[in-house]
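Undergrad: fold the stuff below for me.
(2 chains, ligands or ions: 1)
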Amino acid sequence: MRIALAIGTFFILLIHGIVFYDQFFHRWERNQIAYFDQARAMAKTDAERAALSDRSPRIEQIVVSNFGETRVDRCTTCHIASDDPRFATYAQPLRTHPYSIAMGDAQKDGKWERRHKFSEFGCTVCHDGQGRGLEPKYSHGEDEYWPDPLLGHTTQESWRKDYAPKLKGGEYLEANCAQCHTDPGFAGTATVEKGRKLFFATNCYGCHRIEGLSDGTIGPDLTEVGKKWKLDYLWGRIADPRAILATSIMPKFNLKDDEIKALVVFLKSRKGRNFAETEIQRYKVKLTGGAELVQATIKPVEIKPAEMLKQGEKLILDRACTACHKLGARDGGIAPDLSFEGAIKDEQWISDHFRNPKSTMPDSIMPTFRFTDDEFKAMTAYLVSLKAAPALANGEATYKALCLRCHGEKGDGNGPIAIHLDPFPRDLTKAGFMNSKSDQRLVDSIRNGVAGTSMPAWGKLLTDEQAKGVLAYIQTAYTKEPRRELKARQLPEKNPIAMSAESVARGEAQFVNRCAGCHGKKADGKGPNSLDIQPKPRNLRNARFVGSVDDRRLFESILYGVQGTAMPPWIDYGLNNNDVGDLVNFIRSINQKPKGGQNAVATK
Amino acid sequence: MLGWLTGLGLFGSGILSAISNFVFIKPRATYGQPQRFSIGKPDDFPPGVRATLGARGLCVVREGNKIAALSTTCTHLGCIVGVSDSGFACPCHGSRFDQDGTVTGGPAPRPLPWYKVTLAPNGELEVDKDIEITPGSYLSL
Ligand code: FES
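TA: Predicted coordinates:
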C-alpha cells in the first residue's frame, strides 16, 4: 500500500516535471538565447550592446489586419534574426531574410532597405503556414488538414508522389503576391499572368465562375479556390481530373507541366476577395460577364478571307474544342463527334450553336464562349467544310462509327458521352419502346434526327438503305425481341380543338393535375417524380423538339403512352380527344416556334 | 524511506505547481498589437521634432542626437493627450504635463511614462512599450 503510494506520488512528480520542462524550456527560447548571445558577441558599439541588454526570450508577435482576415504572425519568435543583416550567412532559423530587388527591396548608402516590412506584412501573408505555431511541426509541419501549408517549400507526406516533385519551389509564392499586385504587366507575378491567360485561352472561363473574372456555371465556382485547396489537389484536378475525382466531368486538357503550374499558381491566388480589386472593377465585370477581360487576355485572331478555313481549324484545335468534342483522331470524350459536322448540320445551325448553344439545343451543357464575329465565322466555315462521309460497309459498321458514342456498345443508351447529354440517348434494348413504333418511324428518326436533342439527322450522310441497315442491326443485336404486329390506333391527324385562350387554360389545368408530377410545374421535365424514372420525362419547353413533332404524334404519346418509359396510356384514365387537344394546345402555347434550321421541318 | 519518497513526490509537485501558477497567471501572448515595434529610421525624425504617432499612443521627441518616446496616454483615465506649447494637455478633464511628461496640473496622478527606445540592427528605431525607463533618459544616436 505504502509502496503504491510512494510510486504514485513519484509518478505525479515526474509528470509535473515533464510539463514544467515543456512549458519553460522551449525551442524558440533556446533560439532566442542563441541569437542574443551571438548578437552580443558581434556588437561593436555601446548602443548595440544596450539594445540587447534588456531583452529576454519572449513570444514575438505581429498582428496583420490589412490582408484578409487578421493574422497573428509569430514566425519571428524563432526567425528572430530575419531583419538583422548581420545574420545573412547563418543557418535557419537564425538567418536574415534575403533582400531582393524583385521584392522591391532597395539599396541605400550600401545598406538594404525593405519594401515589405515584416512589422506591416508579417510572414504568412507571403509564405502561408500557420502563423500562430511556435513549433516547426505546428507552424510549417506536414499536417494534411492545415489549410495553408507553408507555400512553396513544403511537400506534404499525404500529397501524391507523382506530383510532389513539381510542387516545390518559390514560384508558388507568386500566388500570394498576386493578391495585391493585380496589374497585368507586373514583373513579380509573371506565372500568375500566364495562368490567367491560360484560364481564358483554354476556355476554363466558359465552365467556371471566378467572381470578378468569369461567370461559367457548369464547373465549380473557383472564386475561393486558392483558400480551399492545396497545390497537389489543384495540380491533380487540372492534370487528370478523373484521377482525383472519379465523378468529374472536366475534360483532360493536354497541358504541359509548366502550363499546369501556371494555372495552379493562378488558382492559388484566387482567395475570394482580391485586396487590390475595387468594388467598381468587380461591379463592371459583373455587368459585362468579364467580356473585356477575355478580350484583354487573349488577342482576337485576325481572320484573312483566304485562310479562313485554316484559321478556323486552328481556333478549334487551339481553344480546346476537342477537349470535349471528337474531331478526327482527337477526342475529348465528352461531347458529340464533329468529324462530319458539315454533312449533317447546315451553316445556320452551326453558327447559332456556336453563339448560343441553348438556342439550338435547350438542354445543352456547352458554355457560351466569347469569340469575335470573325472568329465564329471562321470556325463555322471550317466545320461546314467537314463533309466527307466515312465508308460504312454494313449496319454494324455504321452503328459503331456513328451511334456507339451516344447509344453505347450494348445499345442501352449508355455510350461514353451519354451522361453529358440531355435528353439521354434512347435505350435501344427496351423492346417495349422499340416494338411500339413502326419501322418507318424509327428509320425517320435516324434519317431526320430528333430536333432539340443531340440526335443528328443522319439522312444527310446515309442513304435510305443504309439507315434501314443500321435499324436492322439494332433490332437484331440489341432489341432482340421479335416485332409484333402493331395495332392500328384511332388518332386525329390534326388537333381537333382550335387554339384559343380558353383551351390553353383548360389544358394547363389538366397539365397541373395529371402531368406536372413527372414533367414538372414548368413542364421542363424536372417534376418531383422525374428523379427516379428512366428515361427522364421529356422537357416540354424544348421548343425545337415540340415544334418538330406533329399533332398526331403528341396525341399518340398522350393517349397511348410511351412503351418502355413511365408515360402511361392516358386513354385508360379517362382522357378523351378533347382533353388531349387542350393539353396539346397548352404545350404548343408555351413553345415559340423556332425559326430556320434544318430540324425545324416537322418529322412525320 | 517510503514515507520520505511519498513526501518528496507530493512536496515537489506542489512546488512546481506553485511556480507554474505564478508564472502563467499572466498569458505569455495576447492577441493585441505587439508592444515592441519599429517606428522607422532615425532620419524620419529630424532634430527638434515632437511627433505624435496616434495609433501607437506615442510621442517621439528628438533633441539633437538624442531620441526618446513618451506615452501619450493620460494617466488619469486613459485619454490621448495632445501636444501643447508647454508640453502635453489632456482634452478630457484638463490634466497638463510639461515637456518631460511631469504633471503640472489637473487630476492625472502620475507623469507620462517614457519607453525604452533602441536602434535595431536593420537601422530602424524600436520602441518597447513593455519597458518603462526613467524620464529624461534618451537614446543617443
Ligand atoms: S483622462 Fe486625461 S485628465 Fe482625465
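Undergrad: what helices and strands are in contact with the helix or strand bottoming out on mean pLDDT in chain B?
TA: The helix or strand of chain B with the lowest confidence, counting by mean pLDDT, DSSP states H and E, is helix B:2-24 at a mean of 83. Applying 3 or more C-beta pairs under 8 Å, 6 or more residues apart in numbering or on different chains; DSSP states H and E, we find helix B:2-24 packed against helix A:2-24. In short, each C-beta sits where N, CA and C put it, glycine included.
Undergrad: what's downstream of the least confident helix or strand of chain B, the next helix or strand?
TA: strand B:36-40 (DSSP states H and E).
Undergrad: what comes into contact with that next one?
TA: Here strand B:36-40 makes contact (C-beta atoms under 8 Å, 6 or more residues apart in numbering or on different chains) with A:60, A:117, A:119, B:53, B:56, B:58, B:60, B:69, B:120, B:124-130.
Undergrad: let's see 6 Å
TA: Identification of contacts with strand B:36-40 by C-beta atoms under 6 Å, 6 or more residues apart in numbering or on different chains yields A:119, B:124-128.
Undergrad: other SSEs contacting whichever helix or strand comes after it?
TA: Per DSSP H and E, the first helix or strand lying C-terminal to strand B:36-40 is strand B:50-53. Counting contacts by 3 or more C-beta pairs under 6 Å, 6 or more residues apart in numbering or on different chains; DSSP states H and E, strand B:50-53 packs against strand B:58-63.
Undergrad: in chain A, what residue lies closest to the ligand?
TA: The nearest approach of chain A to the ligand comes at A:Val63, 26.0 Å away (C-beta to the nearest ligand atom).
Undergrad: which phi and psi does that residue have?
TA: The phi and psi values for A:Val63, taken as degrees, to the nearest 10, are phi -110, psi 110.
Undergrad: hmm, B:Gln33 and it touching each other?
TA: Yes: between A:Val63 and B:Gln33 there is a contact under C-beta atoms under 6 Å: 5.5 Å.
Undergrad: from the contacts of strand B:36-40, pick the one nearest the ligand.
TA: B:Val127 (21.7 Å).
Undergrad: in contact with the closest one, which residues?
TA: B:Val127 touches B:39, B:69, B:115, B:117, counting by C-beta under 6 Å, 6+ apart.
Undergrad: doesn't it lie inside a strand?
TA: Yes: applying DSSP: H, G, I helix; E, B strand; the rest coil, one finds B:Val127 inside a strand.
Undergrad: hey, what's it bridged with?
TA: B:Phe37, B:Val117 (DSSP bridges).
Undergrad: what does chain B have sitting close to the ligand?
TA: With the criterion set to C-beta under 6 Å from any ligand atom, chain B comes near the ligand through B:74, B:76-77, B:79, B:90, B:92-93, B:95, B:106-108.
Undergrad: could you flag which of these are buried?
TA: The neighbour-count criterion (16 or more other C-beta atoms under 10 Å in any protein chain shown) marks B:74, B:76, B:90, B:95, B:106, B:108 among these as buried.
Undergrad: which one of those residues sits closest to A:Arg132?
TA: Nearest to A:Arg132 among those is B:Cys74, at 33.5 Å by C-beta to C-beta.
Undergrad: and the closest one, how close does it get to A:Cys126?
TA: 39 Å (C-beta to C-beta, to the nearest Å).
Undergrad: do A:Asn576 as well
TA: 76 Å.
Undergrad: mind checking pLDDT for A:Ala602?
TA: Among the per-residue scores, A:Ala602 shows a pLDDT of 37.
Undergrad: OK, contacts around residue 95?
TA: You didn't say which chain, so I picked chain A. A:Phe87.
Undergrad: chain B, not that one
TA: Counted by C-beta under 6 Å, 6+ apart, B:Ser95 has contacts B:74, B:76, B:106-108.
Undergrad: near chain A, which of those residues show up?
TA: Subset of the contacts of B:Ser95 in contact with chain A: empty, counting by C-beta under 6 Å from any C-beta of the partner chain.
Undergrad: about what we covered before: any chance of the buried ones among the residues of chain B next to the ligand in a markdown table, plus secondary structure and pLDDT?
TA: Shown next, in a markdown table, are those (DSSP: H, G, I helix; E, B strand; the rest coil; pLDDT from 0 to 100):
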| residue | secondary structure | pLDDT |
| --- | --- | --- |
| B:Cys74 | coil | 92 |
| B:His76 | coil | 91 |
| B:Cys90 | coil | 91 |
| B:Ser95 | coil | 91 |
| B:Gly106 | coil | 84 |
| B:Ala108 | coil | 91 |
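Undergrad: list the buried residues of stretch A:429-443.
TA: A:429-431, A:433-437, A:442-443.
Undergrad: just checking, which of these belong to helices?
TA: A:431, A:433-434, A:442-443 (DSSP state H).
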